[in-house]
Each structure stands twice: as structure tokens, then as C-alpha cells.
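1. Sequence and predicted structure below; questions after.
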Amino acid sequence: MLRVAWLGTYVTTEHDDHEDVVGQGFIDLVHDQQLAIGEARLALDVGLTEQLGLSVVAPVRFLSSSIKYLAASDGSEVELVTPGIHHRNETLVGLADPMVLGSFSHADGPIRLTLRGGVTLPLGRTEANPFTAEAETMPHQHVQMGTGTVNPVISVDLAYTRDAWRVGGYGFTQQVVYTNGHGYKAGDRYAGGLAVRRRLGKAWSLRVGGEVQRESAERWDGLTPTDDGNRGRFDAMVVTGGSWSASPSLAIDFALKIPVITEAVGGQLDMPAILEVGASWSFGAKPAAPKHGHADHDHEHGDEHDEHGDEHDKPGDKHGDEHGDEHDEHGDEHDEPGAGGPVSGQPTEVAKPVVSKPDGAKPDLAKPDVAQPDVAQPDVTKPDVAKPAPPPIKVDVADHGKPGEALDLAPVRDKITIYDFWATWCEPCKTLDPALVELARQYPTLVAVRKIDVVDWDSKAAERYLMPGKFDLPHLKIFDPAGKRVMERSSAPGKLQVLIDDVRKLVETEAKRRGLRARPRAAAPTKPRAIGPSKTTAPAQAQAPTRVHITVTAAGFEPKTAKVRRGVPVTLVFERKFERTCASDVHFVVSGKQIERKLPLDQRVEITTTFPDAGTITYACSMDMIKGSLVVE
């Protein structure tokens, strides 16, 4: 039997908070969030013998979240100084953890018993611990698409059929027996239910029943969150539905699940209702004579609890994995479709939206990347002499006023406008400048960079734009295409790369929304900007960074060695394509400064820096087990 089902719900939720608002300081707020949550499920049930069967379930998760911040005093919409740390407008889609089950069925007259056992496969993407002090201050993700662990699953079904009536019950459990690589251990799941079904003629049937579901608390590094997150829940639901047999082998099914009791600890969502629609197609044998208990339409979507996971259909956590109840700024974006319900508290193996993050696909381990050389040269594209050169890219980078001048800021319409405050004596500015120029070159129709030379702290520019907020250099003010300020930040000591990454993430998010692709690097660097203490050193600092791509595979960092130029900005582009590896982060030292970055699965992480001295730079994972090197020439 082949089954396809869709489960979904829509939730509006609000919670109070106290945060820093642009132009108003810290005030009381209301976080107003809307979530659409759903799951598509493809299941295949195959009878191997008269009593033995095999089932495979592949769920695909969907979550769309939008957030507004309202002043508690008058309900007006306000802008946070640091938005997007916990809540953000986003849509996530991807494969969740599949389930593989074996079954044994035995019939004795009108009574049928079915036992199932199997495991979930850890294909759902997982995120790092969102409860750390560092995560609290930086944009981070709370949606756990999977558990990252192989989890045993056991279920039992018992049904009694008499004439047009059928009474059935089920029990289900999914146990999480160990912690994943991020220190995360999802909660165990339990479910059970009873249903009464009545056939109406040859094609229709209706059913009504009830379900109960329980989930234990999640753990991070062996600890249960004490003030928020998913600390366990219990749900009791009334279920009603029906099915229509379009043909002897095809049936259409629908169901509505309404929670009547919800007891949640920590920050979780109360779902108003869960709607399910689906279809089942029997093949390979006459559906009228099932032997292994998988062909009878009594076993349609949800009738026996859809053993492959409907038992998990429960109101999702207010942010299952998310932070908290009281500040829930991590928000309900973590409300993922539940393990059998479109929403579940902590997305579990079966219930985790395995968002194969839209940006990346799993590597084909059967085809290792043998085409890459052991030693990679810098990724500098040479013009093809056999073809006409492409038209020059118009990079929207310009000075805003004379040095030290404090002109009004006028964001460019329909573009992300980045105001870059700099000075010739500001060393970090020399690294930031080419990174911003590169962004403007990659997205010429989206990004405009406006340079403001502060000159010194006595200038009008510093007095107007930096001194009131006690800002330092380098400093950025960024406005969205509608002219609304979305970021203002100075680079903290040793945190310049974090600032560069956050700016790039902001631009790439808007580019993705518009369907824009990054332009390739120019065939030759454009004329460098004169930034820095002297004209002789400015050109090398201001040219677009050389890009070196490094991939994390089952074999480690590839290529293991790459060559870069001394004194020239270099962007190292790390992309992890293999999940079970020590190289989930990378660290190395440049000019006595330690650089450490997380490497999330299937995400590109860019690190822009300059190597001032010739030699060999070794980079490695946190355990120093997997290493690579950069030869600086």
C-alpha cells in the first residue's frame, strides 16, 4: 500500500517582553507571531508474507513564521535595535527523519493484532545549542529538523470488527537513547488512542475517537532547560474523520484532531486544531483479501493511528526546542510539525522538520569529490580570451559627503544601503571595506555602499553619528530597500568577522526573497578604494578578497592544502557536507588572534582575513583531529 498524507495547522501567538527599541530605549513589548505548520508524508507498506510486513515513512516538513513587535502601551509596531536574534520571518521546508518498521500481524476471527518495531533514521538537520550565553546575543536557529540520533520505535494495534462496525486501539513509543553531536537529546514520545468506525454503504465510512500523547523533556549537554524550552507536555485530543473508497484500490481519507487538554511545561504552543487529508493506493494483491494487515482500508490514514507517526500529531511546542516561555523571543519558529502531527514540541526524529536546509543537499558519499586537486590555487577567474569580455558590473559604492562632513543619510530606494563609517587610521576598516565592496559587486542591483570618512573624533560626522551612541570604528548603519534601518553596529574587538557575516546574511536573505543570485567575481579587480593611512598600502587592502573554497567531507577538509597570497584579503569559504565529523567547527590563528567559527551542515561559512606574513597556517576542528593548511606566499 502506498499512502500520501498532508497534516497542517495555523497558529497566532503573543507574549510579552521588555527589549531595546530604536529611538525609545527599553520598553514593554508584545511579540505578535503567526505560524503555518504542515507535514507531507509518503509511506509504503509491503506485505512480505501472510503475517510479516515492512513499512517505510518519509515525512517532509513545512514551517512559515512571521513576527511583529508591538508597543505594549498603544499597540503600535516598533523596531528592535537587534532584531532577528530569536524571531524572524522565515520559511523552512525539508525532509524529516524517516522511519523504517517491520510488522507482524495475527488474525483470530474478528480480532486482529499487529506488532511493529523499527527505528528512525537521523537525516533531519540539527542545530547547535540555542541556550548558551553566546547564542543569546547572536542570531541563531531553534528549529531542530531532526534529533541526530537513531531511535527505536515500537507500536501495537488491536482491532475488533463486527459487521459494519470496527473498534480499534493502539499504543506507540519512540525512545531517544543517546545524545547527538550537538549535545542535544530529544524527549521520549508516547501515544495511545481508541477509535470507533462505521461503514456507510460500500464507499463511505466515518470514525470518531480520542488520542493521548506525552513527551518527556529535552536535554542539552545533559541538562534540562529550567526556565524555558521544551520541558515536557501532555495532550488529549478528540479525533473525527472519514474515508471514501474511490475504487477497490484507491481511498481518500480526512480527519480533524482537536486538543481538549494540553499540559505543557516550558515554552510550547497550543494548537487550535490539526487537519489531515490523504490518499492510499493498494497494489500487488487484491485488497479484499489482506494477509498481513496492510491492505485493508480499515488501516487507512489515521484509522489505526497511522502507525507511522500520527500518534505524534500533537499541538507543537510553543517553541519545543526553543527558548522560552517568558521571553520566547526564540519564538515559535521552533514550533515544528510534530512527529505525526504537523506540529510537535521538540521536533523529534519522527517529528522533526528535517529541513535539509534549503541551501544545501546531502553529499553523494558513493561519489567522493576526487576531482579536487591536493593543492588548490586561489579561486581567481581568468578572462576567456576566446570570448568577448562580459559587460562591466556597475558597483554601487560611493563616498557620502566630504571627509568629516555630516550630511543627512538618504538610503537608496529599492536597495539595501550600507553606510560605512571609517577613517584612515582605523586598521579593521581596511578589512571591512573590501568585504563590503565584494557584497556590492555580487549583488549590484540590491546593495549600495556609502562611505563616510569620519576623519577624527572631533569631526561633525563623529559628533552626529558616533558620539551620541558611544559607537566605535568601524561602524555600520544599514537600511532595507524600504528605507527602514535594520542594523546599526560597531565591530567589537576581535569580532569583525562576525559583523561581516551578519551583514552578508542580511543581504543574502533579501536576495533569496527576491530570487536574486550572487554575481560571480569580476574577471579583474576593480580600481581599489583609497582607504588606509597611505596611498601605497591602500590598493592591496581594498581589492576584492580572493576566495578559497574548502569542503568538509567524509575524508576531512578538501583540499587539504591551499595557497593564498600574503598581504591580500582572502575569503575562506567553508562548507560542511558530511554530518558525522569532528569538523563541525574550525579554528586557526592569524597574527596572534584566534579565529573560531561553527560549520553548520550544508551551509557556507565565509571568513575574510588578511595573512600578513609568509608561511603555513594550520586550521583544524575543535579536537584537532581533522586538519588542513594554508600556504601563504
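-> Now that the structure is in, tell me what you want to look at. Numbers count the residues shown, from 1 in each chain.
2. where exactly do the strands run in the stretch 351-500 of the chain?
-> 375-376, 397-399, 416-422, 447-453, 475-479, 485-490 (DSSP state E, counting those that start in this stretch).
3. Quick one: distance of whichever strand or helix holds L113 to the chain centre.
-> Using DSSP states H and E, L113 sits within strand 111-120. Relative to the centre of its chain, strand 111-120 is centred 33 Å away, using Cα atoms, centre = their mean, to the nearest Å.
4. Indicate each strand paired with it and its parallel or antiparallel sense.
-> According to DSSP bridges, strand 111-120 forms sheet pairs with strand 99-108 (antiparallel), strand 151-162 (antiparallel).
5. quick one: low-confidence ranges for the stretch 1-150 of the chain?
-> Within the stretch 1-150 of the chain, the stretches with pLDDT under 70 are 133-137.
6. Can you name the residues in contact with the strand holding L113?
-> Residues outside strand 111-120 that contact it (Cβ atoms under 8 Å, 6 or more residues apart in numbering) are 55, 97-107, 147, 150-161, 174, 293, 304, 307, 348-350. Any C-beta I mention is one placed from the backbone N, CA and C, and that applies to glycine too.
7. ok so, going back, of the strands paired with strand 111-120, which approaches G567 most closely?
-> Nearest of those to G567, taken as Cβ to Cβ: strand 151-162 at 51.8 Å.
8. Dump the closest one to PDB, restricted to CA.
-> What follows is strand 151-162, C-alpha atoms only, in PDB (Å, rounded to 0.1, in the frame of the first residue of the first chain):
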ATOM      1  CA  ASN A 151      15.800   6.000  17.800                       C
ATOM      2  CA  PRO A 152      13.900   2.700  18.400                       C
ATOM      3  CA  VAL A 153      10.200   2.700  17.700                       C
ATOM      4  CA  ILE A 154       7.600   0.200  19.000                       C
ATOM      5  CA  SER A 155       3.800   0.100  18.400                       C
ATOM      6  CA  VAL A 156       0.900  -2.300  19.000                       C
ATOM      7  CA  ASP A 157      -2.500  -2.300  17.300                       C
ATOM      8  CA  LEU A 158      -5.600  -4.300  18.300                       C
ATOM      9  CA  ALA A 159      -8.800  -4.200  16.400                       C
ATOM     10  CA  TYR A 160     -12.200  -5.900  16.600                       C
ATOM     11  CA  THR A 161     -14.500  -6.000  13.600                       C
ATOM     12  CA  ARG A 162     -18.200  -6.900  13.600                       C
END
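9. Next SSE downstream of it?
-> Downstream of strand 151-162 (by DSSP H and E), the next one is strand 165-174.
10. Mind giving me the packing neighbours of the helix or strand just after that next one?
-> Where DSSP H and E defines the elements, the next helix or strand beyond strand 165-174 is strand 184-185. With contacts defined as 3 or more Cβ pairs under 8 Å, 6 or more residues apart in numbering; DSSP states H and E, the packing partners of strand 184-185 are strand 219-220.
11. tilt between the helix ranked longest in the chain and strand 475-479?
-> Longest helix of the chain, by residue count under DSSP state H: helix 496-514. Angle, helix 496-514 to strand 475-479, by axes from the mean of the first three to the mean of the last three Cα atoms, to 10 degrees: 10 degrees.
12. how about helix 496-514: buried residues?
-> By neighbour count with 16 or more other Cβ atoms under 10 Å, helix 496-514 contains the buried residues 496-497, 499-504, 506-508, 510-511.
13. Likewise for stretch 622-629?
-> For stretch 622-629, the buried set under the neighbour-count rule, 16+ other Cβ under 10 Å, comprises 626, 628-629.
14. so what's T618 bridging to?
-> S629.
15. and it, what does it touch?
-> Taking Cβ under 8 Å, 6+ apart as the test, what T618 contacts is 588, 627-629.
16. just for this structure, where's the confidence low?
-> Residues of the chain that meet the criterion pLDDT under 70 lie in 133-137, 227-229, 248, 265-269, 283-393, 521-545.
17. quick check: longest strand of it.
-> Taking DSSP state E as the criterion, the chain has its longest strand at strand 25-47.
18. List the pairing partners of it within its sheet, with orientation.
-> strand 2-21 (antiparallel), strand 52-71 (antiparallel).
19. Deepest in the core, which of the ones you listed is it.
-> Greatest average neighbour count among the strands paired with strand 25-47 goes to strand 52-71 (a mean of 20), per mean count of other Cβ atoms under 10 Å.
20. So in terms of bridging, what pairs with T609?
-> V570.
21. Can you get me a residue count around it?
-> 22 (other Cβ atoms under 10 Å).
22. I'd say it and V570 touch.
-> Yes. Using Cβ atoms under 8 Å, T609 is in contact with V570, at 6.3 Å.
23. re earlier: redo the strands paired with strand 25-47 as a markdown table? Include distance to L29.
-> Below are the strands paired with strand 25-47 laid out as a markdown table (distance: least, Cβ to Cβ, whole Å):
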| stretch | distance to L29 |
| --- | --- |
| strand 2-21 | 5 |
| strand 52-71 | 5 |
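24. for these, which one sits closest to T132?
-> Using Cβ to Cβ and comparing these, the one that lies nearest T132 is strand 2-21, at 19.6 Å.
25. on that earlier part again, export the strands of the stretch 351-500 of the chain to CSV and tack on distance to T240?
-> Output for the strands of the stretch 351-500 of the chain, formatted as CSV (distance: least, Cβ to Cβ, whole Å):
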stretch, distance to T240
strand 375-376, 61
strand 397-399, 62
strand 416-422, 49
strand 447-453, 53
strand 475-479, 51
strand 485-490, 46
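26. can you list these in JSON lines and add mean neighbour count and distance to L113?
-> Output for these, formatted as JSON lines (neighbours: other Cβ atoms under 10 Å; distance: least, Cβ to Cβ, whole Å):
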{"stretch": "strand 375-376", "mean neighbour count": "15", "distance to L113": "60"}
{"stretch": "strand 397-399", "mean neighbour count": "15", "distance to L113": "72"}
{"stretch": "strand 416-422", "mean neighbour count": "24", "distance to L113": "62"}
{"stretch": "strand 447-453", "mean neighbour count": "24", "distance to L113": "64"}
{"stretch": "strand 475-479", "mean neighbour count": "22", "distance to L113": "63"}
{"stretch": "strand 485-490", "mean neighbour count": "18", "distance to L113": "59"}
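27. Nearest to H87, out of these?
-> strand 485-490 (14.0 Å).
28. quick one, that closest one and strand 416-422 angle?
-> Orientation check (the same axes, to 10 degrees): strand 485-490 against strand 416-422 gives 20 degrees.
29. burial count for W425?
-> For W425, using other Cβ under 10 Å, the count is 12.
30. P225 too?
-> Neighbours of P225 using other Cβ under 10 Å come to 22.
31. Kindly provide the distance from it to T179.
-> Going from P225 to T179 by Cβ to Cβ, to the nearest Å gives 15 Å.
32. Against R576, how distant is V11?
-> 33 Å.
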